[in-house]
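Novice: for reference, the sequence and a predicted model appear below.
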Amino acid sequence: RDSFSGILAITRVPVRMTPEVSSIVIAVTTNWENASAEEIESDIVEEQERVLGEVTGLKSMISTSAAGQGTLRLEFETGTDIKEAEDEVLQKLDEVPGYPSGVLQPVVEDFDPESADYIAWIGLFSTDPDFPPSRLYDFMDRSIKPRFERIPGISQVGVRGATASELQIIVDPAALAQRGVTFSQLREGIAAANANFSGGKIEMGKRDFRIRATGRFNTPESAAGMIVFRDEAGPVYLGDVAEIRNGYKEPTSWVRSRGQRAAFFNFQLQRGANLLETMDLLLAEVDTMNEPGGLLEQHARRLGLDGTLELVPTYNASTYVEDAFVLVRSNLMLGGLLATMTLLFFLRSVRAVGIIAIAIPVSTIASFTVLVMLGRSINIISLAGLAFAVGMVVDNAIVVIENIHRHLEMGKKPLRAARDGAVEVGGAVLASTMTTVVVFAPIPVSYTHLRAHET
């Protein structure tokens with residue numbers, strides 16, 4: 001029964017490279033485009049720190065201010081409910097008096113920014129060497145990224161090496177001066193005209209008509225005809241004082257592969273997910289999008305590319321995990337085989353050695369049930385522990401079998417000899433096993449503290 005449950009547990013236990021250390025950390029990220037690190041710190045981070053310092057169970061708070069982005073890392077006491085802590089953080093952020101114009105809404109995530117571990121990097125390459133990868137951001141963010149985010153086991157999908165499109169307004173200072181318009185007046189005029197407003201509704205019998213004034217522009221032509229200032233001489237249009245064109249945001253980072261710049265996706269694994277299963281689903285989705293006539297080929301035709309688009313995995317963490325598991329499993333099997341041969345040489349009893357050889361896989365498979373019950377994963381450390389436990393199983397089996405053999409020599413029947421022999425040395429075997437368990441028991445705690453100290 002234990003072996004059967006162990007076989008079922010093998011199909012459910014998560015597979016990872018290293019043990020998962022559950023640190024109770026919440027990240028608060030706030031973006032303010034084109035702002036300096038000093039502005040991020042003084043206008044955003046300090047205000048957030050003032051209200052978040054009162055969160056219940058907060059152990060430490062580390063802030064990072066960079067150009068365009070501010071991040072707060074909140075670590076909580078052990079035992080804190082992560083969902084309750086996240087709700088309280090959201091409530092506290094509402095107490096911030098206000099943010100400057102252009103600051104986006106803070107993003108609160110159950111995620112440790114200092115221990116980000118990407119399981120895969122997948123590049124979006126074009127066979128057209130003259131096509132800039134920066135033009136792919138909108139397509140990646142709106143069409144491909146949502147499909148990746150729906151894959152079970154994926155927690156976050158990032159886009160790197162590409163920039164979003166934008167409508168650029170290049171102001172002519174001489175034209176402004178000729179019309180007597182200041183930069184402040186131009187900015188206020190653009191902000192007032194580039195907006196949508198609700199005009200309520202008109203009731204006509206059984207029908208309701210919703211009134212909406214649309215002023216937001218999305219093309220250079222619509223922006224050029226916008227009135228930004230009005231005086232006695234008449235209206236001043238944006239096209240009179242500025243050049244409007246479609247462009248792309250200034251890149252702040254880039255990714256290089258195959259000797260050229262490229263656009264990439266990176267992926268993070270969801271807590272408790274199976275790495276190998278998640279990677280299989282991810283690669284299957286990549287193959288689907290790369291199929292002839294698929295999403296990538298259709299978009300390449302819309303762009304008018306002299307070539308095609310292709311998703312190419314360049315980094316896959318599962319390959320390292322699989323290689324490491326193959327190495328540990330081979331060592332485990334080789335060790336069991338050598339132990340069996342050694343026992344056969346000394347005991348010179350095929351039956352006794354056969355009992356031990358059966359006990360090794362039975363006890364090993366049954367241990368996977370415990371891993372599932374405790375919410376643990378199969379990783380390098382757990383497999384190494386299983387390899388170490390095989391030696392303990394062999395030692396204990398030798399002691400029990402030798403004692404049973406002694407009772408058989410006393411003239412007892414096999415069933416009675418097996419029972420009396422096992423009971424007689426059962427306490428000693430249990431004591432020797434428990435001493436080993438007690439010696440290694442502090443290791444998980446020490447590992448957790450070490451990882452927490454590193455982060």
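Specialist: Now that the structure is in, tell me what you want to look at. All values reported here derive from a predicted model rather than from experimental measurement. Residues are numbered from 1 along each chain as shown.
Novice: Leu90 - nearest residue in space that isn't next to it in sequence?
Specialist: Excluding its sequence neighbours, the residue lying closest to Leu90 (Cβ to Cβ, 6 or more residues apart in numbering) is Val108, at 5.6 Å. Every residue, glycine included, has its C-beta placed from N, CA and C.
Novice: packing partners for the one helix or strand that neighbour maps to?
Specialist: Secondary-structure assignment from DSSP states H and E places Val108 in strand 107-109. Under the contact criterion of 3 or more Cβ pairs under 8 Å, 6 or more residues apart in numbering; DSSP states H and E, the helices and strands touching strand 107-109 comprise strand 25-31, helix 82-93.
Novice: ok, and what's touching that strand?
Specialist: Taking Cβ atoms under 8 Å, 6 or more residues apart in numbering as the criterion, the residues outside strand 107-109 that touch it are 26-30, 86, 89-90, 93.
Novice: next: stretch 153-163.
Specialist: Applying Cβ under 8 Å, 6+ apart, the external contacts of stretch 153-163 come out as 111, 123, 133-137, 140-141, 145, 148-149, 248-251, 253-255, 261-271, 273-275, 277-278, 281-282.
Novice: derive a ChimeraX selection command for the buried subset of those.
Specialist: To isolate the buried members of those in ChimeraX, using 16 or more other Cβ atoms under 10 Å:
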select :111,123,133,134,136,137,140,148,248,255,262,263,264,265,266,267,268,269,273,274,275,278,281,282
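Novice: among the contacts of stretch 153-163, name the ones in strands.
Specialist: Of the contacts of stretch 153-163, the ones assigned to strands by DSSP state E are 123, 248, 255, 261-269.
Novice: still on that earlier bit, which of the helices and strands packed on strand 107-109 sits closest to Asp323?
Specialist: Taking Cβ to Cβ as the criterion, Asp323 comes closest to strand 25-31 out of those, the separation being 30.1 Å.
Novice: and Met289, which helix or strand is it part of?
Specialist: Under the criterion DSSP H and E, the helix or strand holding Met289 is helix 275-290.
Novice: alpha carbons of that helix, in CSV - could you do that?
Specialist: Presented in CSV, the C-alpha positions along helix 275-290 are these (Å, rounded to 0.1, in the frame of the first residue of the first chain):
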residue,chain,number,x,y,z
LEU,A,275,9.3,23.0,-13.3
LEU,A,276,9.5,20.2,-15.8
GLU,A,277,5.8,20.1,-16.5
THR,A,278,5.6,23.9,-16.8
MET,A,279,8.5,24.0,-19.3
ASP,A,280,6.9,21.3,-21.4
LEU,A,281,3.7,23.4,-21.6
LEU,A,282,5.7,26.5,-22.3
LEU,A,283,7.7,24.9,-25.2
ALA,A,284,4.5,23.4,-26.6
GLU,A,285,3.0,26.9,-26.7
VAL,A,286,6.1,28.2,-28.5
ASP,A,287,5.8,25.4,-31.1
THR,A,288,2.2,26.3,-31.6
MET,A,289,2.9,30.0,-32.3
ASN,A,290,5.8,29.0,-34.6
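Novice: elements contacting that helix?
Specialist: Of the remaining helices and strands, those touching helix 275-290 by 3+ Cβ pairs under 8 Å, 6+ apart are strand 118-126, helix 145-149, strand 260-269, helix 295-303, strand 309-316, helix 317-347.
Novice: would JSON lines of those with mean pLDDT and distance to Val171 be doable?
Specialist: JSON lines is the format used below for the helices and strands packed on helix 275-290 (pLDDT from 0 to 100; distance: least, Cβ to Cβ, whole Å):
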{"stretch": "strand 118-126", "mean pLDDT": "89", "distance to Val171": "34"}
{"stretch": "helix 145-149", "mean pLDDT": "93", "distance to Val171": "34"}
{"stretch": "strand 260-269", "mean pLDDT": "86", "distance to Val171": "30"}
{"stretch": "helix 295-303", "mean pLDDT": "86", "distance to Val171": "30"}
{"stretch": "strand 309-316", "mean pLDDT": "89", "distance to Val171": "36"}
{"stretch": "helix 317-347", "mean pLDDT": "74", "distance to Val171": "48"}
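Novice: can I get those in JSON lines with distance to Ile360?
Specialist: Written out in JSON lines, the entries for those read as follows (distance: least, Cβ to Cβ, whole Å):
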{"stretch": "strand 118-126", "distance to Ile360": "33"}
{"stretch": "helix 145-149", "distance to Ile360": "42"}
{"stretch": "strand 260-269", "distance to Ile360": "32"}
{"stretch": "helix 295-303", "distance to Ile360": "50"}
{"stretch": "strand 309-316", "distance to Ile360": "33"}
{"stretch": "helix 317-347", "distance to Ile360": "5"}
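Novice: which of the ones you listed sits closest to Ala67?
Specialist: In terms of Cβ to Cβ, the element of the helices and strands packed on helix 275-290 nearest to Ala67 is strand 260-269, at 20.6 Å.
Novice: can you name every helix or strand that the closest one contacts?
Specialist: Packed against strand 260-269, as judged by 3+ Cβ pairs under 8 Å, 6+ apart, are the following elements: strand 118-126, helix 145-149, strand 154-160, strand 255-257, helix 275-290.
Novice: so for the longest one, mean pLDDT?
Specialist: Rounded to a whole number, the mean pLDDT of helix 275-290 is 90.
Novice: among the helices and strands packed on strand 107-109, which comes closest to Glu166?
Specialist: Comparison of those against Glu166 by Cβ to Cβ identifies strand 25-31 as nearest, at 14.8 Å.
Novice: pretty sure Glu75 is in a strand, no?
Specialist: Yes - secondary structure assignment places Glu75 in a strand (DSSP: H, G, I helix; E, B strand; the rest coil).
Novice: surely it meets Lys59?
Specialist: Yes - using Cβ atoms under 8 Å, Glu75 makes contact with Lys59 at a distance of 4.8 Å.
Novice: deepest-packed of the helices and strands packed on strand 260-269, please.
Specialist: Ranked by average neighbour count under the criterion mean count of other Cβ atoms under 10 Å, the helices and strands packed on strand 260-269 are headed by strand 118-126 at a mean of 21.
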